[in-house]
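Enquirer: Here's a sequence, model it:
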Amino acid sequence: MTADNKKFWTEDIIAAAILAASGGTTLLLTKLRAIAVEQHLPVLHLLVQWWPLLLILGGVVLLFINQGARDRNAAQINSRSYTEKSHGFRN
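Expert: Model (predicted):
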């Protein structure tokens with residue numbers, strides 16, 4: 001009987017964390033939206049309204065920046081090892 005309770009305990013904690021995070025996010029967005037409308041800040045209102053898309057776009061930009069840096073680093077390592085093999089250079 002106790003084994004069954006332990007099995008669901010982890011899932012309950014994860015579900016509670018998800019519910020708390022979504023509730024907190026909803027509360028924060030509601031407050032920010034009210035501030036944006038009250039203060040007549042159209043930029044803040046747009047950010048509050050489109051934050052999921054901005055978050056996804058930011059992640060994609062970071063992914064491509066990281067991939068480009070990784071490709072440049074790999075090209076430098078390959079060219080260095082080729083030069084060492086062809087000319088007999090060693091550190």
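
Enquirer: CA atoms for contacts and neighbours, from now on please.
Expert: Fine.

Enquirer: Could you chop this structure up by domain?
Expert: 1-49, 50-91 (automatic domain parsing).

Enquirer: Which residue ranges of the chain form helices?
Expert: Here the chain has its helices, by DSSP state H, at 2-39, 42-49, 51-87.

Enquirer: Could you dump the ones you listed into TSV and include mean pLDDT and mean neighbour count?
Expert: Below are the helices of the chain laid out as TSV (pLDDT from 0 to 100; neighbours: other C-alpha atoms under 10 Å):
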stretch	mean pLDDT	mean neighbour count
helix 2-39	80	12
helix 42-49	81	14
helix 51-87	75	12
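
Enquirer: Give me the contact list for stretch 49-62.
Expert: Residues outside stretch 49-62 that contact it (C-alpha atoms under 8 Å, 6 or more residues apart in numbering): residue 47.

Enquirer: tell me, what residue is most central in this structure?
Expert: Against the mean C-alpha coordinate of the chain, by C-alpha atoms, centre = their mean, the closest residue is residue 59 at 5.5 Å.

Enquirer: That one and residue 52, how far apart?
Expert: According to C-alpha to C-alpha, to the nearest Å, residue 59 and residue 52 sit 11 Å apart.

Enquirer: how close does residue 15 sit to residue 40?
Expert: Counting by C-alpha to C-alpha, the gap from residue 15 to residue 40 is 37 Å.
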